[in-house]
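**Q** I'd like to go over a predicted model; first the sequence, then the structure.
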Amino acid sequence: MMSGLESLYQEIILDHSKRRLGEGLVEASHPHADNHQYNPTCGDEINLRVELDDAREKIEKISWEGDGCSISMAAASVLSETAPGMDLKEFQELVDQFREMLHSRGKIEPNEEVFGDAAAFAGVSKFVARVKCAMLSWVAAEQAAKEATVSE
Amino acid sequence: MSYALEPNTPLTNESVTKLKEDFPILNTEVNGHPLTYLDSGATSQNPLQVINAEYDFYTKYNSAVHRGAHTLAVESTDLFEDARATVANFVGAQENELVWTANATEALNLVTYALGNASAGIGGEQAKKFALAEGDEIVVTEQEHHANLIPWQILAQKTGATLRWIPLESNGTLNYEEAEKVITEKAKVVAFTHVSNVAGSITDVATLVKLARKVGAFVVLDACQSVPHLPVDFHALDVDFAAFSGHKMLAPTGIGALYGKADLLADLPVFLTGGSMITKVTMTEAEFMAPPTKFEAGTQKVSQAIGLAAAVRYLQNIGMENVHAWEAQLGQRLAEGIESLDGVRLLGPAAGQERAGLASIHVDGVHPHDVGQLLDTQGIAVRVGHHCAQPLHRALGITASTRASAYIYNTTDDVDRFIEELAKVRGYFGV
């Protein structure tokens, strides 16, 4: 594994921080819920919408608006690309693994087949102060997905 | 122990390099680089003289103050009160005008809660002048640290008074023209910071005190960023109350002080109550000691107070005029360096205008967290975030900033390293 700054700011992360996939809240026509997360230490903020399929089994779409550092913006972008199409159980498992990896202080090597671009965040886990940045949108999605299963 | 510098030595790159011998932490490495510590606005480093003062206390004198007749208790009480005299003298106050608190935040809360108690009728006839009610106004500024804003919000909610504020100029400094309109006959309190922890501007205290006096309002000064860095004399400034923290001026955490004019502290109702601050207690009521003791409930922060006194002596050995002169120079160098960079906005006064030894910036296209991270890999410690001043940032149209804040142990090399690495940030993130 790379050490230092390159492992934190991998190309994939810098790239996603600029592409910001999913940015801009999208009007939802299926069951959905919004969640707002805020990091008071740095002011990073995200308002995220999870839209499910009509059977409320799969994630259909993720969209968001927010402002924050490259890590938090990239994490929201990767999430928006990765999560759609997953069933809810699969998604929750991914969130759990993502969280576990980020809290591992660099000890857990992610399985790239499972994680896709999210594997690039392995380096973040060595920068304890930045774990919250990466988790911000994922926590919002986790909450919103739960709410969407019971939303009106 | 002796100091690395002779008394009253002007600070220069050469003398500061020598002075650093007193600060072991500044001779360490961070991420493979010599530490460049530019975060003293958040918390400063401790010289050996301060660390040793605490060590000495615990190894030779530790015991309860104001509570015993044995030898150690007398010695520790003497040290504790000597510390108060030292710190009071440093800020132009009498000993009975200096109340120990945990930090400036507690000091400001002491004032607002005591005013709240007066508003509830506590403290008798003499406390009535502190009472607030509907129709009264509390004036703060948009520049305030949350510690000098939220306590006033709570007091306003409690008493029905209205909170008003002096707005900012587009660069984050105070709008003095508006101050005249905001401070009216209704104002009961005017509370403001001496030096902005974000903009780095130095408040024209005399002008605001004059406006407050004209309408009979009390003046409360947040002196957190001034007492460590400038010669400050609260009597000369003619403020009624003032707060500062030890950990921003070479002292340990957990110690700060409230200054209050002697006659006002005598009439001000109590805040925290309990042991040590009373004279006579029955099951239904209590009588209180004279200030400052009446505001010091419970076991006090003895080693920290002694540490703060050692820090004050350290600063006095250099001389606050020398401290201010050097930091003004570093502040200008920061401002000039920042202004020379493309895509980097300097908050607060422009280069050439008066500023303290700190500078906050907004880097176009790069979040402060990312700026701070890059600097950290080079061993440069700065503060990123909203610096407990969200309204100020909001007024400037940003959510957060990056701040470099210098102190007596920084050289022009430190400033130049910061500017040099800052210059690379936008390129790294491809903006």
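**A** Received, thanks.

**Q** What are the boundaries of the strands in chain A?
**A** Assignment of strands within chain A using DSSP state E yields the ranges A:32-39, A:44-52, A:59-67.

**Q** Next, the angle from the first one to strand A:44-52.
**A** Angle, strand A:32-39 to strand A:44-52, by axes from the mean of the first three to the mean of the last three C-alpha atoms, to 10 degrees: 160 degrees.

**Q** Note down every partner strand of strand A:32-39 and its orientation.
**A** strand A:44-52 (antiparallel) (DSSP bridges).

**Q** in the helix ranked longest in chain A, what counts as buried?
**A** Scanning chain A for the longest helix, with DSSP state H as the assignment, gives helix A:131-150. Across helix A:131-150, burial judged by 16 or more other C-beta atoms under 10 Å in any protein chain shown covers A:131-145, A:148. Just so you know, the C-beta spots here come from the backbone N, C-alpha and C atoms, and that holds for glycine as well.

**Q** Work out the gap between that helix and the centre of the chain.
**A** Here helix A:131-150 is found 7 Å from its chain centre; the criterion is C-alpha atoms, centre = their mean, to the nearest Å.

**Q** Which strands or helices does that helix pack on?
**A** On a contact count with 3 or more C-beta pairs under 8 Å, 6 or more residues apart in numbering or on different chains; DSSP states H and E, helix A:131-150 meets strand A:32-39, strand A:44-52, strand A:59-67, helix A:70-82, helix A:88-102.

**Q** what would the ones you listed look like in JSON lines with mean neighbour count?
**A** Supplementary listing: these in JSON lines, determined by neighbours: other C-beta atoms under 10 Å in any protein chain shown:
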{"stretch": "strand A:32-39", "mean neighbour count": "19"}
{"stretch": "strand A:44-52", "mean neighbour count": "23"}
{"stretch": "strand A:59-67", "mean neighbour count": "21"}
{"stretch": "helix A:70-82", "mean neighbour count": "26"}
{"stretch": "helix A:88-102", "mean neighbour count": "17"}
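
**Q** Write out the residues of chain A neighbouring chain B.
**A** Residues of chain A found near chain B (C-beta under 8 Å from any C-beta of the partner chain) are A:4-5, A:8-9, A:14, A:17-18, A:41-45, A:67-71, A:127, A:130, A:133.

**Q** ok, the buried residues of helix A:131-150 vs residue B:406, which is closest?
**A** Closest to residue B:406 out of the buried residues of helix A:131-150 is residue A:133 (27.8 Å), distances taken as C-beta to C-beta.

**Q** Type out the ChimeraX command that picks the buried ones from the residues of chain A next to chain B.
**A** Those of these that count as buried under 16+ other C-beta under 10 Å are selected in ChimeraX with:
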select /A:5,8,9,14,17,42,43,44,45,68,69,70,71,127,130,133
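
**Q** How is chain B partitioned into domains?
**A** B:13-47+B:319-428, B:54-316 (automatic domain parsing).

**Q** Make CSV from those domains and add mean pLDDT and distance to residue A:82 to it.
**A** CSV is the format used below for the domains of chain B (pLDDT from 0 to 100; distance: least, C-beta to C-beta, whole Å):
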stretch, mean pLDDT, distance to residue A:82
domain B:13-47+B:319-428, 97, 22
domain B:54-316, 97, 37
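
**Q** Tell me where the model's unsure across chain A.
**A** Filtered on pLDDT under 70, chain A yields the residue ranges A:1-3.

**Q** Can you name the residues of the stretch 301-431 of chain B that neighbour chain A?
**A** Checking the stretch 301-431 of chain B against chain A by C-beta under 8 Å from any C-beta, the hits are B:366-370, B:373-374, B:377, B:384-386, B:390, B:393, B:399-400, B:428-430.

**Q** Can you select the buried ones among the residues you listed for me in ChimeraX?
**A** Selecting only the buried entries of those in ChimeraX, with 16+ other C-beta under 10 Å as the criterion:
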select /B:366,367,368,369,370,373,374,377,384,385,386,390,393,399,400,429
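
**Q** Show me the residues of the stretch 301-431 of chain B next to chain A that map onto strands.
**A** Going by DSSP E, the strands hold B:384-385 from these.

**Q** among the residues of the stretch 301-431 of chain B next to chain A, which are in helices?
**A** Those of those lying in helices (DSSP H): B:368-370, B:373-374, B:377, B:390, B:393, B:428.

**Q** could you say which helix or strand contains residue B:50?
**A** helix B:48-56 (DSSP states H and E).

**Q** Output the contacting helices and strands for the very next helix or strand once past that helix.
**A** Scanning forward in sequence from helix B:48-56 by DSSP H and E, the next helix or strand is helix B:71-90. Under the contact definition 3+ C-beta pairs under 8 Å, 6+ apart, helix B:71-90 sits against strand B:98-101, helix B:302-318.

**Q** can you pull the contacts of residue 24?
**A** Reading this off chain A. A:63-65 (C-beta atoms under 8 Å, 6 or more residues apart in numbering or on different chains).

**Q** oops, I was thinking of chain B
**A** Contacts of residue B:24 by C-beta under 8 Å, 6+ apart are residue B:48.

**Q** how much space is there between it and residue B:409?
**A** 11 Å (C-beta to C-beta, to the nearest Å).

**Q** for residue B:80, same thing?
**A** As judged by C-beta to C-beta, residue B:80 and residue B:409 stand 28 Å apart.

**Q** related to what we said a few turns ago, okay if I get the domains of chain B as JSON lines plus distance to residue A:92?
**A** Output for the domains of chain B, formatted as JSON lines (distance: least, C-beta to C-beta, whole Å):
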{"stretch": "domain B:13-47+B:319-428", "distance to residue A:92": "28"}
{"stretch": "domain B:54-316", "distance to residue A:92": "37"}
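
**Q** what about the ones you listed, which gets the closest to residue A:107?
**A** domain B:13-47+B:319-428 (20.3 Å).

**Q** And the closest one, how far out from the chain middle?
**A** 18 Å.

**Q** Which one of the residues in the stretch 151-300 of chain B is closest to chain A?
**A** Nearest residue of the stretch 151-300 of chain B to chain A, counting by C-beta to the nearest C-beta: residue B:198, 13.0 Å away.
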